[in-house]
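Engineer: Fold the following for me, if possible:
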Amino acid sequence: MDLRNFGFDSPLFTTLEDMLDFPEEHEKTRNNPSRAYVRDAKAMAATPADVIEYPTGYTFIVDMPGINPNEIKVQVENDNVLVVSGERKREKEVIKYVRMERRVGKFMRKFLLPDNANMEKISAVCQDGVLKVTVEKLPPPEPKRPKTIEVKVA
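Structural biologist: Take a look at the predicted model:
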């Protein structure tokens, strides 16, 4: 329901309309991000990570307490984007939560890899709830030697 159709074109009504959370078909007409986009953005923001550069490579450290290492996916997209994703599921045998502070649901984090990252030498290890993804660096290119051109006498 678009309140502008009824002559309500005020920012106050637009805010009220957003708060009422109308169906996604309506959101598409106002150029708002989709719910899937907002969900993925929240998942990325809630997954903190450290990135360390060493002389031989890069290490990405992501805290993942309580997540089974088999449920963590590490992928490379578009030849230069490292994606760490997975899902923390709610415990099924719990009858009633008194307090729930740990985040459940999907998580994801994307990292743009530098040009000198070796895509063939990526490893991931999860130990004690900490995921470490190591990406080795490519060796530096050989410096180009100047080409000598023989000068001919005419």
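Engineer: From now on I want contacts and neighbour counts done on CA atoms only, so please keep to that.
Structural biologist: Will do.
Engineer: Surely residue 125 touches residue 133?
Structural biologist: Yes. Taking Cα atoms under 8 Å as the definition, residue 125 is a contact partner of residue 133 at 6.5 Å.
Engineer: neighbour count winner among the two?
Structural biologist: Between residue 125 and residue 133, residue 133 has the larger neighbour count (other Cα atoms under 10 Å), namely 20 against 11.
Engineer: Now do the contacts for the residue nearest to that one when sequence neighbours are not counted.
Structural biologist: Spatial nearest neighbour of residue 133, excluding adjacent residues (Cα to Cα, 6 or more residues apart in numbering): residue 124 at 4.3 Å. Taking Cα atoms under 8 Å, 6 or more residues apart in numbering as the criterion, residue 124 is in contact with 74, 131-134.
Engineer: and residue 124, what helix or strand is that in?
Structural biologist: Residue 124 belongs to strand 117-127 when assigned by DSSP states H and E.
Engineer: Parallel or antiparallel, which strands does that strand pair with?
Structural biologist: strand 130-137 (antiparallel) (DSSP bridges).
Engineer: before we move on, the earlier item: which of the contacts of residue 124 has the largest number of neighbours?
Structural biologist: Neighbour max across the contacts of residue 124 (other Cα under 10 Å) = residue 131, 22 neighbours.
Engineer: quick one: that residue from residue 145, how far?
Structural biologist: 43 Å (Cα to Cα, to the nearest Å).
Engineer: what comes up buried for the strand holding residue 124?
Structural biologist: Using 16 or more other Cα atoms under 10 Å as the test for burial, strand 117-127 gives 117-119, 122, 126.
Engineer: Who does the residue nearest to residue 125 when sequence neighbours are not counted form a beta bridge with?
Structural biologist: Leaving out its chain neighbours, the residue that sits closest to residue 125 by Cα to Cα, 6+ apart is residue 132, at 5.3 Å. Beta bridges link residue 132 to residue 61, residue 125 when assigned by DSSP bridges.
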